[in-house]
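In: Here is my input; please provide its structure:
(one chain, ligands or ions: 2)
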Amino acid sequence: MLIKNAVLPNKKRADIYIEEKEIVSINGEKNKDDWVIDARGKLVLPSFYNTHTHLAMTLMRGIVEDLVLKDWLEKIVWPMEKHLSREHVYWGSIIGGLELIRSGIAGIADMYFFMDEVAKVLKLLGLRGTLGTTIFDFPSPEAESTDEMLKIAEAFAKDYQNDELITPSIAPHSTYTCSPETLLKVKELADKYGLLIQIHLAETRWEVYEIQKRYGKRPVELLGDIGFLDENVLAAHAVWVTKAEIRTLAKHGVKVVHNPISNMKLASGGAGVMPYPEMKEYGVLVTLGTDGVASNNNFDMFEEMKVMAIAQKNHRWDPTIAKAEEVFKIATENGAKALGLKAGRIEEGYLADLMLIDLNKPHLKPFYDPITLAVYSMRASDVDGLIVNGRPLMLNKEILVVDEAEMLEKAEKKAFELYEKAFS
Ligand SMILES: CSC[C@H]1O[C@@H](n2cnc3c(O)ncnc32)[C@H](O)[C@@H]1O
Ligand SMILES: [Zn+2]
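Out: Ligands and ions are numbered 1, 2, ... in the order given. As a prediction, this is how the structure comes out:
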């Protein structure tokens, strides 16, 4: 496949050749038989990797508002999840997956229930997913006991061991919903199958107080002390961490997800701001995620980049923090790295995960610096095309992989049905 006449992030014009799933050359030999995508007037960017999502929670978009995390979970989300079936997760993931395509996102790290349904949807749509079955110390929508959840996670790990798009993972919810014993069982399973562990960590001040009350130490300290932390841990939020804890994360090679919009919407931090400058200073790999859309309320990574940049600057009274280029790298290359992908750059030998942006819009003129435009001016609706693993999923704003209108209609019915079940 050939993407012709595209504008690269360095503003140079280029023909990009893709063979199967890889970028094989930029401005190299032409092959007459290639499928040609004419990208004249369009900017090509590496696609995003959204490293903290709950895809199927699109079903709860707009109905869990103006609450702190504890009430958000205990008063609405968990009671509603009691009624969640695998069918709901399928249709919630359909809405979410279509939104990912329209937002230029090639891959996600997702934590939820019935992950085989999420996998089915992502494969249908052609997207990548590092998918973690949730582990709790109380019943989940798919299992009564923790041991049963661990078995489900193990079966999923076996089923998806060698998949092109899906990477199995495991997702203990947090230190306040999983005991140290459970966390160590998770670690054992993760080590056995080489799984990435996704966990919510140090998200709120309540969490820190609660863990100190239970164990006499802070959440990161606790995980360090029980031998849970290593380079296969992807920690979402990490808002309430001390410098010593950041050093612990760095020492063990833990990767972190910054979720500025969710944190600010749920008022989780002082200013909802994770200590990014210190994470950077101590060498922690920082990535970017939206969280689920019940706390965001969309998967727009352009918005997430802008909020990250301006919140970090504002919080420290320093506009030199979180520069556009740095934030763009966090949303693309760093995300890919955390998910174990050679992607996030438009270079030979990298995976062909690319998005096209229509530049012919007033808010994208004048066209001085593409990356500054991407971080501060663009939005998800500027995404005109998405190619993942060398396959076009959307071109000229048309979804190529499913009948979008039909899918959205069915999915919305399922969302309303869940709402009725939970609240009538
Ligand atoms: C293991 S994840 C699935 C579980 O977590 C709930 N959830 C969604 N977002 C958050 C968040 O930011 N912090 C804590 N818990 C969250 C979700 O509703 C599922 O129950
Ligand atoms: Zn979350």
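In: got the domain boundaries for the protein?
Out: Using automatic domain parsing, the domain parsing of the chain gives 2-46+345-399, 48-338.
In: Can you give me the end-to-end span of the shortest one?
Out: Right, domain 2-46+345-399. Distance between the two ends of domain 2-46+345-399: 19 Å, counting by C-alpha to C-alpha, to the nearest Å.
In: Likewise for the last one?
Out: Domain 48-338 has its terminal residues 12 Å apart, counting by C-alpha to C-alpha.
In: Just send the domains of the chain back as a markdown table, with mean neighbour count, mean pLDDT and distance to ligand 1 too.
Out: Every residue, glycine included, has its C-beta placed from N, CA and C. Below are the domains of the chain laid out as a markdown table (neighbours: other C-beta atoms under 10 Å; pLDDT from 0 to 100; distance: least, C-beta to the nearest ligand atom, whole Å):
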| stretch | mean neighbour count | mean pLDDT | distance to ligand 1 |
| --- | --- | --- | --- |
| domain 2-46+345-399 | 18 | 95 | 20 |
| domain 48-338 | 21 | 97 | 4 |
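In: Now distance to residue 412 too, for these, in a markdown table please.
Out: Listed next are those as a markdown table, based on distance: least, C-beta to C-beta, whole Å:
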| stretch | distance to residue 412 |
| --- | --- |
| domain 2-46+345-399 | 16 |
| domain 48-338 | 8 |
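In: which one of these lies closest to residue 407?
Out: Ranking those by proximity to residue 407 (C-beta to C-beta) places domain 48-338 first, at 5.2 Å.
In: Excluding chain neighbours, what is closest to residue 76?
Out: Nearest residue to residue 76, sequence neighbours excluded (C-beta to C-beta, 6 or more residues apart in numbering): residue 64, at 4.5 Å.
In: Using the three-state scheme, assign that neighbour.
Out: Counting by DSSP: H, G, I helix; E, B strand; the rest coil, the backbone at residue 64 sits in coil.
In: I'd assumed residue 74 was in contact with it.
Out: No. Assessed by C-beta atoms under 8 Å, residue 64 is found out of contact with residue 74, at 11.2 Å.
In: List the contacts of the residue nearest to residue 76.
Out: 72, 76, 77, 294, 295 (C-beta atoms under 8 Å, 6 or more residues apart in numbering).
In: Let's see that with 6 Å instead.
Out: Counting by C-beta atoms under 6 Å, 6 or more residues apart in numbering, residue 64 touches 72, 76, 77, 294.
In: ditto for residue 379
Out: Neighbour list for residue 379: residue 302 [criterion: C-beta under 6 Å, 6+ apart].
In: redo that, cut-off 10 Å
Out: By C-beta atoms under 10 Å, 6 or more residues apart in numbering, the residues touching residue 379 are 103, 298, 300, 301, 302, 303, 306, 361, 363.
In: would a markdown table of those with secondary structure and distance to residue 252 be doable?
Out: Shown next, in a markdown table, are those (DSSP: H, G, I helix; E, B strand; the rest coil; distance: C-beta to C-beta, whole Å):
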| residue | secondary structure | distance to residue 252 |
| --- | --- | --- |
| 103 | coil | 32 |
| 298 | coil | 33 |
| 300 | coil | 32 |
| 301 | helix | 27 |
| 302 | helix | 32 |
| 303 | helix | 31 |
| 306 | helix | 31 |
| 361 | coil | 44 |
| 363 | helix | 42 |
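In: Just give me the closest of those residues to residue 411.
Out: For those, the nearest to residue 411 is residue 298 (15.6 Å; C-beta to C-beta).
In: pretty sure residue 37 is in a helix, no?
Out: No. Using three-state DSSP, the assignment for residue 37 is strand, not a helix.
In: And the closest residue to it other than its chain neighbours, its phi and psi?
Out: Once flanking residues are discounted, residue 37 sits nearest to residue 3: 4.9 Å by C-beta to C-beta, 6+ apart. Torsion angles at residue 3 (phi, psi; degrees, to the nearest 10) stand at phi -100, psi 110.
In: Fine by me, thanks again.
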